[in-house]
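> give me the fold of what follows.
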Amino acid sequence: MTNRRIDWTPRPLTEQEKKAASQQQYAVTTLIFITLSNIFFGILMVYKFLPVWLGMILAFIVMGLFVLRAQKALLEDGERMWESPDKFHDRMSRQR
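Numbering: from 1, shown residues only. Have a look, this model is predicted:
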């Protein structure tokens, strides 16, 4: 076992950390809204207010709209939602 001590004193967040925390909060909120909309469409389909085929199509469209909105709000120019680690490191090294 080591005798290392962890420094638990709070320190102010950097601007980059604040931005990352804000983006993470936005992304989690988007996932919550997607989940709630899916529950809503599920209830409508179970109680036969909406045919299953139409409910599934609408749920898919709403999820896609949430993803596109989050992507537009969170990603900057040159960033991609799905990129390999190599492309990420190349992009980050070009920015410096």
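
> so where do the helices sit in the chain?
15-46, 52-74, 85-95 (DSSP state H).

> what angle do helix 15-46 and the second one make with each other?
Our comparison of helix 52-74 with helix 15-46, counting by axes from the mean of the first three to the mean of the last three C-alpha atoms, to 10 degrees, yields an angle of 170 degrees.

> using CSV, write down the CA coordinates of the helix or strand bottoming out on mean pLDDT in the chain.
Within the chain, no helix or strand scores below helix 85-95, which has a mean of 80 by mean pLDDT, DSSP states H and E. The C-alpha coordinates for helix 85-95 follow below in CSV (Å, rounded to 0.1, in the frame of the first residue of the first chain):
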residue,chain,number,x,y,z
PRO,A,85,-9.2,8.1,-31.6
ASP,A,86,-6.6,8.7,-34.3
LYS,A,87,-8.7,11.3,-36.0
PHE,A,88,-9.5,13.0,-32.6
HIS,A,89,-5.8,13.2,-31.7
ASP,A,90,-4.9,14.5,-35.2
ARG,A,91,-7.6,17.2,-34.9
MET,A,92,-6.5,18.2,-31.4
SER,A,93,-2.9,18.4,-32.4
ARG,A,94,-3.8,20.6,-35.4
GLN,A,95,-5.6,23.1,-33.1
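
> ok, the one residue sitting closest to the centre of the chain to Asn38 distance?
Centroid-nearest residue in the chain: Ala27, 3.0 Å away (criterion: C-alpha atoms, centre = their mean). Ala27 sits 17 Å away from Asn38 when distances are taken as C-beta to C-beta, to the nearest Å. To be clear about C-beta, it is placed using only N, CA and C from the backbone, and glycine gets the same treatment.

> again, but for Arg11
Arg11 sits 39 Å away from Asn38, going by C-beta to C-beta.

> over to Ile32?
Separation of Ile32 from Asn38 (C-beta to C-beta): 11 Å.

> likewise for Gln23?
Gln23 sits at a distance of 23 Å from Asn38 (criterion: C-beta to C-beta).

> higher neighbour count, Ile32 and Asn38?
The neighbour comparison of Ile32 against Asn38 (other C-beta atoms under 10 Å) goes to Asn38, with 15 against 10.
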